[in-house]
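Student: quick one, structure for this:
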Amino acid sequence: MAGPAAALEGQADDERARTVVARGIPPGVRREDVVARLARAFGGVETARASATNAFVVFEDAAAAAAALAAGRIKLEGTSEGGGGGAGKVVRLERLATDLADARRVGGFGEYEYDAARTVFVGGVPFDATEAELVACFAPHETEAEAAVAVEGEGAAVEAEVEDLAVEAVRVVRDRLTGEGKGVAFVLFRSEAGRNNALKRSKRWKLREGKAKRTLRVSAPRDWDAPGAPGARRAEDREHERGGGRAEGGGGGNRPNRHTTFDDGNEGGDSGEPDAQKRPAVAARKGKGGEGRHKRRERDEHGGEGGADGGEGSVKKKKKKKMRWRDMDEDTRKKKEAEAAERKRRFEAGIPEPPRPGGGRGRGRGRGRGRG
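Tutor: Alright, predicted model coming up:
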């Protein structure tokens, strides 16, 4: 009698057999329209969930899913709003179970011991690439179909073919939710010689043909690739990157700048000594300027060296400097208006303005204000 775990596993296998992944949905196309198109073409749909460019469709029966997989692709008819978006575009139909089988047999390193000396990192991988395509690229097989048979097949004969492959394992790094590739992969060779040969040909690895042709970037994996799980960093490495590097650099303390005093972190030195040693001219100038400001403040408050008369003089000077039109009395305003009118009349008549006592600088400022 089968237990509940076996029953749940059987239900999962049945649902997986009825699931089809629609990949490469164009932007602007509603996922509901793609699901409706699949239902009209192949049969009823039980459930569907979608991501940015993929849709995971579970048909009501396995026959409908098999028909969709046999077709391999479907042409869209446009959106339901009548805008025609996506009309004529082709969406690929793939079997979800194929991806899971590839991940177990050749896609993941879980069944194999990770060996950096026999592994290469592959970049530039198409998002929809399968493990079988990479096996066909790196292994001595002429066609992808032969590699797929060697990877996905069953029986002792197929196991012998797998043993003949130069590639022991392939892992395409995929998104955990959507199953779509992230553009990178890891290839584990059966020998170091195979891995070294792959690195020597790093600029000549090509995937696919025609317009879909891609040049793969092959390089040695870095040290932070986790043994047993390539592409994922270990927790201790991540922790080291967050804080370890700063600790090695001297405790991660703040670096002193021009706004920072030297009291902290200056062993055995006064706070003013570093400035005086490095920039004596600047330190002297700052000290002189500070002393001058202090003296001026005392003179303004207490009358300075001139006593009470000096203080009054300074106050009168400040008032005269801050004099504005609104602060003038009526007689002064009339006098200023008369002077301005006279300057304007002379300017319009072309009569040069007579020189004033006090120099050209004062005359220039007065003439400018009068004209305004």
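
Student: run through the stretch 201-350 of the chain and note the low-pLDDT ranges.
Tutor: The stretch 201-350 of the chain contains residues with pLDDT under 70 at 202-203, 223-323.

Student: can you do 50?
Tutor: Applying pLDDT under 50 to the stretch 201-350 of the chain picks out residues 224-276, 304-314.

Student: show me where the stretch 51-200 of the chain has its strands.
Tutor: Along the stretch 51-200 of the chain, counting by DSSP state E, counting those that start in this stretch, strands occupy 54-59, 73-75, 90-95, 119-123, 167-174, 181-189.

Student: so what strands line up beside the second one?
Tutor: Take DSSP bridges as the rule and strand 73-75 pairs in its sheet with strand 90-95 (antiparallel).

Student: quick one, the partner strand and strand 54-59 angle?
Tutor: Angle, strand 90-95 to strand 54-59, by axes from the mean of the first three to the mean of the last three CA atoms, to 10 degrees: 60 degrees.

Student: neighbouring contacts of strand 90-95?
Tutor: By CB atoms under 8 Å, 6 or more residues apart in numbering, the surrounding residues in contact with strand 90-95 are 19-25, 34, 38, 65, 68-69, 71-76, 128. Quick note: C-beta positions are derived from backbone N, CA and C, even for glycine.

Student: now do the end-to-end distance for stretch 324-332.
Tutor: Terminal residues of stretch 324-332 are spaced 11 Å apart (CA to CA, to the nearest Å).

Student: A strand includes residue 14, no?
Tutor: No: counting by DSSP: H, G, I helix; E, B strand; the rest coil, residue 14 is not part of a strand but helix.

Student: quick one: the helices in the stretch 1-150 of the chain?
Tutor: 4-17, 31-42, 62-71, 96-102, 131-138, 144-152 (DSSP state H, counting those that start in this stretch).

Student: the ones you listed: lowest mean pLDDT?
Tutor: Note on those: lowest mean pLDDT is at helix 96-102, with a mean of 43.

Student: isn't residue 179 right next to residue 19, touching?
Tutor: No: checked against CB atoms under 8 Å, the pair residue 179 and residue 19 is beyond contact range at 10.6 Å.

Student: looking at those two, which has the bigger crowd around it?
Tutor: residue 19 (20 against 17; other CB atoms under 10 Å).

Student: distance of that one from residue 176?
Tutor: According to CB to CB, to the nearest Å, residue 19 and residue 176 sit 16 Å apart.

Student: same check on residue 194?
Tutor: Residue 194 is 30 Å from residue 176, by CB to CB.

Student: more crowded one of these two?
Tutor: residue 194 (20 against 5).

Student: the more buried one contacts residue 120, correct?
Tutor: No: if you go by CB under 8 Å, residue 194 and residue 120 don't touch, sitting 9.4 Å apart.

Student: near residue 132, how many other residues are there?
Tutor: Residue 132, neighbours per other CB under 10 Å, totals 24.

Student: with residue 222 instead?
Tutor: For residue 222, using other CB under 10 Å, the count is 9.

Student: so it, which of the three states?
Tutor: At residue 222 the chain is in coil, as set by three-state DSSP.

Student: mind listing what it touches?
Tutor: Contacts of residue 222 by CB under 8 Å, 6+ apart are residue 121.

Student: from residue 137, how far off is it?
Tutor: Distance from residue 222 to residue 137, by CB to CB: 22 Å.

Student: show me what residue 93 is bridged to.
Tutor: Going by DSSP bridges, residue 93 forms beta bridges with residue 22.

Student: which of the contacts of strand 90-95 count as buried?
Tutor: Using 16 or more other CB atoms under 10 Å as the burial test, the contacts of strand 90-95 include 19-25, 34, 38, 65, 68-69, 74, 76, 128 as buried.
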